[in-house]
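1. Sequence and predicted structure below; questions after.
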Amino acid sequence: MRFSERTKCIGESKISKSLAILEHNSSIISLGAGEPDFPAPKSVITAAKKYLDKGYTHYSSLQGRLELREAIAKKVKKENKIDATAEEVIVTCGAKEAILLGMFSTLDPGDEAIVPDPGYIAYMPVAKTINAVPVPMQLKEEDDFDISVERLKKLVTEKTRLIVLNSPSNPTGAVYKKKSLEEIANVVVEKNLTVLTDEVYEKLVYDDAEHVSFASLNGMKEYTITIQSFSKSYAMTGFRVGYAVAPKEIINEMTEFKICTTICAPTISQLAAIEAFKAEAYVQKMRREYDRRRKMMIKRLNELPNIRCVRPRGAFYAFPNVSSFGMSSEKFTDFLLKEAKVLVVPGTEFGNYGEGYVRMSYATAYEKIEEAMSRIEKVISKA
């Protein structure tokens, strides 16, 4: 049987292989989770049950239910300072579909898309799948994994069409500074580029960090596809609801492509998602608990010999540097799994510049993180 060449550009995921191991060994502590360990807000679950009982089990429009798009437009205007209308919103099956539709709508074969490296695992494969060219933009530990505009400028060519941003970042936990974003905005205007900004961890920020939506900067709304989701901020990963906010012309193109993907996000989930915007107290409760775990994890990591870790200011990930052990990221991951029975994700899952790092998630119970750190401390001398 012959298979498409497109599948080969995706590659085998270490994450999926590692998670499969968990099903057969309950003694392993997983720090690999990319989703909240909290349930969805009770009000959201109640709403889902109500709409299910009322028979909302059919398709919605491709662009998404109007009442949800109106609620999203109101939310982004108030919280993100993006003056959008419901016609400038599309509801998607999570943020990943929004990334796919955004790239499909802005990139042709041979076009270049500048993507963060290390960065979320979807960006490069999606660009390759549509025969565009992903251009890695190295994010460095000494910059706290913020963007260097000087490095970005060197990557822009006549073929560049898109810049991908991700703040707060998966996997590094970085929150881009407003000054960095403003400098990027100057490049965008000068080169007439489009920005796809992934902001799904927008509500999970700590210390003095401030999440700034790129489209809120002066004049940037017309250049920007803003992608957000209910999955992380509201612990609704299984509901499969994300959204994009962009100029109407781009939203129209994304809506046209949606007939080829999912038709619509689940109607029940869309209606329940409206309730999520009323659950801010629950979101803050989650954020405070993540912050408590974060502080403990970073303290313990930086007390370990031969490990150093930049303090993440967003999302729920730490990205420690383990290069001093003289192993590849993947071998160090295998070492921790075998010797400490702790599952982490190798940095190379997130790009070539992730070599020398591993990702650890603190979206798991405080006590489990404590035990994982103790296990790692106990075996680290063997590495």
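-> Done, it's in.

2. Outline the domain layout of the protein.
-> Following automatic domain parsing, one finds the domains of the chain at 5-40+281-382, 56-276.

3. which of these has the lowest average pLDDT?
-> Of all the domains of the chain, the minimum mean pLDDT falls on domain 5-40+281-382 (a mean of 92).

4. rewinding a little: so which of the domains of the chain is nearest residue 48?
-> Of all the domains of the chain, it is domain 56-276 that lies closest to residue 48, at 4.1 Å by C-beta to C-beta. (Glycine included, C-beta is placed from N, CA and C.)

5. And the longest helix seen in the chain, what does it pack against?
-> Criterion DSSP state H: the longest helix present in the chain is helix 280-303. In terms of contacts (3 or more C-beta pairs under 8 Å, 6 or more residues apart in numbering; DSSP states H and E), helix 280-303 is packed against strand 317-318, helix 366-379.

6. quick one, that helix and helix 366-379 angle?
-> Here the directions of helix 280-303 and helix 366-379 differ by 10 degrees (axes from the mean of the first three to the mean of the last three C-alpha atoms, to 10 degrees).

7. Check the offset of helix 280-303 from the chain's centre.
-> 18 Å (C-alpha atoms, centre = their mean, to the nearest Å).

8. ditto for stretch 146-153
-> That offset, for stretch 146-153, works out to 20 Å (C-alpha atoms, centre = their mean).

9. Quick one: end-to-end distance for stretch 219-228.
-> End-to-end distance for stretch 219-228: 20 Å, by C-alpha to C-alpha, to the nearest Å.

10. Go ahead and confirm residue 344 touches residue 28.
-> No - Residue 344 is beyond contact range of residue 28, at 10.8 Å (criterion: C-beta atoms under 8 Å).

11. Comparing those two, which residue is more hemmed in?
-> Comparing residue 344 with residue 28 by other C-beta atoms under 10 Å, the one with more neighbours is residue 344, at 26 against 18.

12. Quick check: that one vs residue 219, distance?
-> Counting by C-beta to C-beta, to the nearest Å, the separation of residue 344 from residue 219 is 41 Å.

13. Over to residue 313?
-> Separation of residue 313 from residue 219 (C-beta to C-beta) stands at 27 Å.

14. Residue 87 now?
-> From residue 87 over to residue 219 the distance is 20 Å, taken as C-beta to C-beta.
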